[in-house]
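Visitor: Dropping a prediction and its sequence here:
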2 protein chains.
Amino acid sequence: MTQRVAILGGGQLARMSAYAAYRLGGEVGIVARPTDDSPARLVASEQFVGDWSAPALLDAVADYADVVLLENEFIAPDILRHLEATGKTRVIPSAQTIALVQDKFSQKTALAQAGLPVPRFAAVASPEEVLAVSRQFGLPLVLKCRTNGYDGYGNELIRGAADIAPAFEKLLRRGSPLMVEEFVPFTKELAVMAARNQRGEEVIYPVVETIQHAQVCHTVLAPASVSEATARSVAALARQVLEAIAGVGVFGIELFLLNDGEVLINEIAPRPHNSGHYTIEACETSQFENHIRAGLNLPLGSPRMRSPVAVMVNLLSGFDAPAQPIGLESALAVPGVTVHFYGKKLARPGRKMGHVTALGEDLGETRERALRAARAIAI
Amino acid sequence: MTQRVAILGGGQLARMSAYAAYRLGGEVGIVARPTDDSPARLVASEQFVGDWSAPALLDAVADYADVVLLENEFIAPDILRHLEATGKTRVIPSAQTIALVQDKFSQKTALAQAGLPVPRFAAVASPEEVLAVSRQFGLPLVLKCRTNGYDGYGNELIRGAADIAPAFEKLLRRGSPLMVEEFVPFTKELAVMAARNQRGEEVIYPVVETIQHAQVCHTVLAPASVSEATARSVAALARQVLEAIAGVGVFGIELFLLNDGEVLINEIAPRPHNSGHYTIEACETSQFENHIRAGLNLPLGSPRMRSPVAVMVNLLSGFDAPAQPIGLESALAVPGVTVHFYGKKLARPGRKMGHVTALGEDLGETRERALRAARAIAI
């Protein structure tokens, strides 16, 4: 029988997951909001468009879907609990895991309780509490929204006491409780994708290096140039993270590598992750296919790289206008590069409109090709 | 501006082409008939469903599409000429190429006139003419429908004079004029994918071996185990074929390898081809992506293999019933195998419901894995 997969969200992660679901014989229902610029709706076999808190919409999704997946963690857990309570569909990851992960304070608390290495952190309810923590942790500090932060939105760096009040006020406007974390003087940012199905089978992808520009992921180098020991320790951490959050599905785990070789866990995304896009071309099984396989409780596929190295570069738009990609021709003329456009109708400065992945033997040469292709394109 | 691609036909070739079109930032309109079991419609951004000879439908397609592609050659050339005459869209391959290729007699005539090696052939209008040709070419002979034949439908083997009348009568019922060809005692059947864009850039994929069961493609071995000289001569023939048929788009070229090393061209398919499915995982650029790139007149991508060998095995249904795939779990447990289901609702004995591709280092071992995965699945 055809398996029906519903995905909460209609962005590029849903769209790339949909391709994998179709290939495995599934059908795909995209759950979107009327105002969304939803590139995944173009490829959907069914669409559920409306207010996600409306029980009628959720009941229709539950009637449709064998499994409900999601492409971002900014979903009220009650929505997921409603879907679970229908008893008609599976929700992966579970409402419990999403509730735990989407609040960065409860996420970090769970990781710390499991003995995993995280930066020092504390919940804060007032500027005075931030000041008190700053005396304990030292400066600089990072003030963060506990929920709904992404790509640098919802983070402020506190360099001195004078920064506290304005940063606090600014972030409070985002409507989320706040927390602080010690500032980590990392030498590299790393990431790793991990997947687990309901039977407990796990796969851990290679550790990669992520390079952010203006706090948005710009380049991913796979594998990361780190020692064997670091790669092994990141893989071991990834397995422990899955355990700590009772994670079923795919998860992107961001980490900091410190000068002394220590690794700290930065953040967990309970879904396919920008740092895992390289897996489409570079690995035996993509993160999107394992997202679907975990959802359908199928055996997970090997995360082994089929190419010595891969470099992914995001295509970020520079304009606030209808999307009008140019330069595809020049980009495709670069050898060994695959171009992915997401089909978004509206550009915004810094919005992720697509990505390119280059495969090769040598990291420097491959990165040069990926950048050349990415720079050829303007959206 | 978003490029809009219309595909005439809603089967697996359209569906796999659609994934590539989306990735390149396009939108996809699927043109299907109301009675079709059209798996590509599930992934379409627009659908045009109706009688293809209705000018209103074709005008709507021409208004929508920057380019019209096709997934099979059984399309009345007048339909393509109507689309071309609107001046609003490009048709690739051209009506002229399709008209030439879809009639196997005119196809072979064009190849022979270009000096390309083909089996001896002749048009025949009566059983008496078949008998006359049999005296010239010898027996056995193959009696063929000039149009609308595929997967062995529309071919009859003439072993002796007594076979002629019943075969002639049987094939005549298919409504096509007939032709005969000498029977070629091949040692292997080979195939090669070739692509050309409007600027005349060409790519030729590796030559593969195809193994048919009951005249339906069952297994494809990539690359074919043939001498360097044979591989070079097939690639050269492929370039000459593109020239001879003024081909723009992707083309599957089937060939016979004879005992003495000679190669004869069997048939040309003016579209993605079953023998090219392995390119999705095994090549730097898949046949489907080059189908779209050729249609949009983008630079073609490299056909180089990223894996030493690849083996594709078709998933053919054994039943005449609604499709109910089983065994996906076991198939996915085979390492290094990708499973593609086409999403067809109805099974028929011998219908192509999906395929699996295995990648590896050694042809025998890889073939064993591909067969193991394919045999695990029943549809």
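Guide: Structure's in. What do you need?

Visitor: Can you tell me who the closest residue to chain B within the stretch 201-350 of chain A pairs with across the strands?
Guide: Here the residue of the stretch 201-350 of chain A nearest chain B is A:F341; by C-beta to the nearest C-beta that distance is 3.1 Å. Using the backbone N, CA and C atoms, a C-beta is placed for each residue, glycine as well. Beta-bridge partners of A:F341, counted by DSSP bridges, are A:G354.

Visitor: show me the contacts for it.
Guide: Shown in contact with A:F341 (C-beta atoms under 8 Å, 6 or more residues apart in numbering or on different chains): A:L315, A:P325, A:L328, A:M353, A:G354, B:Y22, B:R23, B:L24, B:G25.

Visitor: Mind checking which of those land in strands?
Guide: Taking DSSP state E, the ones among those that sit in strands are A:L315, A:M353, A:G354.

Visitor: tell me the pLDDT at the closest residue in space to the first one that isn't next to it in sequence?
Guide: The reference is to A:L315. Spatially, and ignoring its direct neighbours in sequence, A:L315 is nearest to A:G354 (3.9 Å; C-beta to C-beta, 6 or more residues apart in numbering or on different chains). On pLDDT, A:G354 comes in at 97.

Visitor: So in chain A, where's the weakest helix or strand by average pLDDT?
Guide: strand A:321-322 (a mean of 86; mean pLDDT, DSSP states H and E).

Visitor: neighbours around whichever residue of the stretch 1-150 of chain A sits closest to chain B, how many?
Guide: Minimum separation of the stretch 1-150 of chain A from chain B (C-beta to the nearest C-beta) falls at A:G25, amounting to 3.1 Å. Close neighbours of A:G25, defined as other C-beta atoms under 10 Å in any protein chain shown, add up to 25.

Visitor: so what's it up against?
Guide: A:T2, A:Q3, B:P325, B:L328, B:F341, B:G343, B:G354.

Visitor: same deal with A:Q102?
Guide: A:E73, A:F74, A:I75, A:P77, A:T147, A:P270.

Visitor: Hmm, the third one is touching A:I98, no?
Guide: Spelled out, that is A:I75. Yes: counting by C-beta atoms under 8 Å, A:I75 does reach A:I98; the two are 6.6 Å apart.

Visitor: more crowded one of those two?
Guide: Remark: of A:I75 and A:I98, A:I98 carries more neighbours, 25 against 18, as counted by other C-beta under 10 Å.

Visitor: how about the one helix or strand that one maps to: buried residues?
Guide: Per DSSP states H and E: A:I98 is located in helix A:95-102. Within helix A:95-102, the residues that qualify as buried are A:A95, A:T97, A:I98, A:A99, A:L100, A:V101, A:Q102, counting by 16 or more other C-beta atoms under 10 Å in any protein chain shown.

Visitor: Mind listing what's buried along stretch A:30-39?
Guide: Buried, per 16+ other C-beta under 10 Å, within stretch A:30-39: A:I30, A:V31, A:A32, A:D37, A:S38, A:P39.

Visitor: Can you tell me which of those residues end up in strands?
Guide: Filtering the buried residues of stretch A:30-39 for strands - DSSP E - leaves A:I30, A:V31, A:A32.

Visitor: B:E27 versus the second one, what's the distance?
Guide: Going from A:V31 to B:E27 by C-beta to C-beta, to the nearest Å gives 21 Å.

Visitor: same check, this time on the first one
Guide: From A:I30 over to B:E27 the distance is 15 Å, taken as C-beta to C-beta.
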